[in-house]
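Student: can't give you the sequence, but here's the structure:
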């Protein structure tokens, strides 16, 4: 059977541009799929960082008058990825992150910016680029959510599409009066198209019109079909349950490898866990924490939002205080939560450290140096930080939701007695239950043999892309075969 050609469409891809886990997934999947004879080209907006990385790019297509200006499609390789870049300076040549300006506010033309990405991707999928037409399109999140709509309502033959939901909370909803700007036929503005409560719903369009739907863990695939977690889309997702599946994310185990990590003070493996003490001391020293090898050191690396349970962590600080524990938080997000964390650090010098903003090297150092990772999320499609923690011998303390429930085995007495247990899992999402989980983690740490057993089991857990890539490759081939039968 010939190689399966896939056009992956996304707003970000690591290491070219990253704001969260979406970029890690989009950046890692092509290499993971290559052994399965799947050839991926990743289509990205032409942000300055992406254009700079594409030094050897060549123009392969032109899109005149694309949402306010002419655009080109540039093909080439950048940081190991085969990319197709939508070079539209009027939409993407600006400072700030992919979605917001330096002031933190969403770009006012995000409607045009990401409609353009979807429209261009559909054109590429239907033969815009000479000598390369994909067998299918894999769109990621709301920013690429209109791609299935442009494929469904476009003229001529179009390949099938897959839409992956990385976080249902972000839906890309815009005023309905803007629908005519999309260039879609009138019938597309309907319950079974892009219309969503009178508005234009980018993610809703993809959920309604893609041939297959995936999300990033089996538990999240079930949760989003309920009113509690469906974010208003649960009815549609129940209706499309037959084509919805959950495939766990992985992490790049070459990048995240404590044996070879250039960012950590002392490389180590599961047979040499004592080296983690040096990494702990290095982390404490870098962040101004007291150099105390005995103090339990908890960490969080996350977007600082209500979803991630940062307010729960703030409420549970007295439990950490009573135990003589330390806390380090790395991330950025809501201003009120950032301010509250900074106040906590000022009130607990040497005990609480906060680093605002994402720092890739510091994230590696954190996982290598902390004793336990806190992930008290109220909902979590998959989560990657707990996978990094398992890989690095840090014990994940997680809420029993989404991908956290799928990846961490609670170290309850029965699990420990049978030689299982890789972390501490708690429910429901409350300050009291997080505090109890912290206390249980500290008790487990006092038993060195039990703790090291948990660390070694975690480090032996398969957290890479081998199994997820197998599932994606099977999904692609089944979709391609079904499409061929219909033609």
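Tutor: It's in. What you are looking at is a predicted structure, and each value in this text was computed from that prediction instead of being measured. Numbers count the residues shown, from 1 in each chain.
Student: helix or strand for the closest residue to residue 439 other than its chain neighbours, which one?
Tutor: Excluding the flanking residues, the one nearest residue 439 by CB to CB, 6 or more residues apart in numbering is residue 319, at 6.1 Å. In this view, the C-beta of every residue, glycine as well, is placed from N, C-alpha and C. Applying DSSP states H and E as the criterion places residue 319 in helix 317-322.
Student: what's the mean pLDDT across that helix?
Tutor: Helix 317-322 carries an average pLDDT of 94.
Student: so how far is it off the chain centroid?
Tutor: From the chain centre to the centre of helix 317-322 is a distance of 30 Å (CA atoms, centre = their mean, to the nearest Å).
Student: again with stretch 157-171
Tutor: 14 Å.
Student: what's near enough to touch residue 138?
Tutor: Neighbouring residues of residue 138 by CB atoms under 8 Å, 6 or more residues apart in numbering: 6, 7, 8, 9, 40, 161, 162, 164, 476.
Student: show the buried residues in those residues.
Tutor: Neighbour-count burial (16 or more other CB atoms under 10 Å) is assigned, among these, to 6, 7, 8, 9, 40, 161, 162, 164, 476.
Student: show me where the stretch 101-250 of the chain has strands.
Tutor: 136-140, 161-165, 173-174, 195-196, 199-201, 212-215, 244-246 (DSSP state E, counting those that start in this stretch).
Student: now the ones you listed as a markdown table including distance to residue 271 and mean pLDDT?
Tutor: Output for those, formatted as a markdown table (distance: least, CB to CB, whole Å; pLDDT from 0 to 100):
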| stretch | distance to residue 271 | mean pLDDT |
| --- | --- | --- |
| strand 136-140 | 38 | 98 |
| strand 161-165 | 37 | 98 |
| strand 173-174 | 51 | 98 |
| strand 195-196 | 54 | 98 |
| strand 199-201 | 52 | 98 |
| strand 212-215 | 36 | 98 |
| strand 244-246 | 34 | 98 |
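Student: quick one: those strands as a markdown table, columns for distance to residue 113 too.
Tutor: Putting the strands of the stretch 101-250 of the chain into a markdown table (distance: least, CB to CB, whole Å) gives the following:
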| stretch | distance to residue 113 |
| --- | --- |
| strand 136-140 | 15 |
| strand 161-165 | 19 |
| strand 173-174 | 11 |
| strand 195-196 | 19 |
| strand 199-201 | 14 |
| strand 212-215 | 24 |
| strand 244-246 | 28 |
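Student: of the ones you listed, which is nearest residue 287?
Tutor: Nearest of these to residue 287, taken as CB to CB: strand 136-140 at 33.6 Å.
Student: got the angle for that closest one vs strand 161-165?
Tutor: 20 degrees (axes from the mean of the first three to the mean of the last three CA atoms, to 10 degrees).
Student: listing partners with orientation, what would you give for strand 136-140?
Tutor: strand 4-9 (parallel), strand 161-165 (parallel) (DSSP bridges).
Student: doesn't residue 370 make contact with residue 276?
Tutor: No. Using CB atoms under 8 Å, residue 276 is not in contact with residue 370; the gap is 9.1 Å.
Student: neighbour count: these two, which is higher?
Tutor: Each of residue 276 and residue 370 has its neighbours counted (other CB atoms under 10 Å); residue 370 has more, 28 against 22.
Student: mind listing what that one touches?
Tutor: 280, 283, 297, 298, 299, 328, 389, 394.
Student: quick check: what element follows the helix holding residue 319 along the chain?
Tutor: strand 326-331.
Student: can you give me the helices for the stretch 351-487 of the chain?
Tutor: 360-369, 385-392, 402-407, 413-417, 431-446, 448-460, 466-486 (DSSP state H, counting those that start in this stretch).
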